[in-house]
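In: Predicted model and sequence follow; I will ask about them next.
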Amino acid sequence: MRRLFSMIFLQPCAGRPGVPSLVLLVFCCLCGVAAAADTVFLGSGEKRFGDVVGLDESSLKVRLRLEPRPDGREAPTATISVPRRDVVHVEFAEDVARDDLFRSPEATALPRVEALWRQWEPFLAFAKSPAGMAACAYGEVLVESGQPAKAQEALELFSRVEKEAWDEPSRMRARQGRLRAMVAVGNAAGAVKEASELAKVTEDPAVLIQAKYILANAADAKLRELIAENPRWEEDIYVIPERHRLYNEALDEYLYPYLFFGSESQAAARGLAGAMGIYRFTGESGAALECARDLIALYPESSHAKAAKEFIDSLPQEIRAFDPEKEAREALSPSKPKNENPT
């Protein structure tokens, strides 16, 4: 049996002396050693199971997981180079925790996201790799840092992803990120111009939502600036139309995801928070209160719900007591069990 085992594991593979055979790799897979491994499909019909750890112009580096040690110590590995011309495609192993992090990165995860991006960076144009997701996640946390230098790095990274990423979803996500990065580095005018053009032609909901949010921010800022320069705007027939235009534009763009893409919870909550801010600025406490209540009722887990609650708590009791939409809001909540035997 030991001799047979040695013959199997020492058999050369496809004329490559010293490289473990496909039989070895299959055996490892059956033993669980190659669980969650990447799979490299070759033009010859063979497969390589292991961890894809590197890429250059000529070859793919694959770390193979070898025979487990009988004493229980960690199994040894061997890294081989596979010519890129021999590779048909690669199926990268699923990593749920990693992909969840890439989908919803937080600013506190910056070191981990950066490390993952550096790991996957060579694979940005490599089909089926998560490199595009890694790049976009890294760019987003750079923007969230609030530091101009990091926002500039994000802007350059998003531009690169738009040009080089293998998959359309990553390129679209990078386009949204680039708009945010442009605002963060102080090029709001350029972002607004591009957002305006995108809003006219894009059919991608996520890109459209981001474009409209940038337009809302721009109209919001201009409205506040206009009122600051014209505190008696209600008496100026030349200022009144511009004030109303900016006011309506800001509200329309902020509320767009809430009205048409309510399932996009983060975007909808963000827009409601923006509209609440407009109403508070213009002194419309009732309308601001309704936005805050909708935000808490529909998106309680969003990062904006806390600010909405704090705003409601700061209002006088007589304003908080007014709730013309109470019945409608309660209808959206889970129904309470009815009392079968009322007394």
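Out: Perfect, I can see it now. Numbers count the residues shown, from 1 in each chain.

In: low-confidence ranges in the stretch 1-150 of the chain?
Out: Scanning the stretch 1-150 of the chain for pLDDT under 70 picks out the ranges 1-35, 72.

In: Mind jotting down where the strands sit in it?
Out: For the stretch 1-150 of the chain, the strands defined by DSSP state E, counting those that start in this stretch occupy 38-42, 47-55, 59-65, 77-83, 87-91.

In: I'd like the ones you listed as a markdown table, with distance to residue 306 appended.
Out: (Each C-beta comes from the backbone N, C-alpha and C, glycine too.) Compiled in a markdown table, these are given as follows (distance: least, CB to CB, whole Å):
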| stretch | distance to residue 306 |
| --- | --- |
| strand 38-42 | 42 |
| strand 47-55 | 42 |
| strand 59-65 | 45 |
| strand 77-83 | 47 |
| strand 87-91 | 42 |
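
In: Domain map for the chain?
Out: Domain ranges of the chain: 9-91, 94-186, 201-330, per automatic domain parsing.

In: quick revisit: export the strands of the stretch 1-150 of the chain to a markdown table and append columns for mean neighbour count.
Out: Formatted as a markdown table, the strands of the stretch 1-150 of the chain follow (neighbours: other CB atoms under 10 Å):
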| stretch | mean neighbour count |
| --- | --- |
| strand 38-42 | 18 |
| strand 47-55 | 20 |
| strand 59-65 | 19 |
| strand 77-83 | 14 |
| strand 87-91 | 15 |
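
In: of those, which approaches residue 200 most closely?
Out: Each of the strands of the stretch 1-150 of the chain has some distance to residue 200 by CB to CB; the shortest is strand 87-91, at 37.1 Å.

In: Partner strands of the closest one and their direction?
Out: As defined by DSSP bridges, the strand partners of strand 87-91 come to strand 38-42 (antiparallel).

In: Please work out the angle formed by the directions of the strand it pairs with and strand 47-55.
Out: Per axes from the mean of the first three to the mean of the last three CA atoms, to 10 degrees, the angle that strand 38-42 makes with strand 47-55 is 110 degrees.

In: In CSV, could you pull the C-alpha coordinates for strand 38-42?
Out: Below are the C-alpha coordinates for strand 38-42, written out as CSV (Å, rounded to 0.1, in the frame of the first residue of the first chain):
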residue,chain,number,x,y,z
ASP,A,38,-9.0,27.8,-7.2
THR,A,39,-9.4,25.8,-10.3
VAL,A,40,-7.2,26.5,-13.3
PHE,A,41,-8.6,25.0,-16.6
LEU,A,42,-5.9,24.2,-19.2
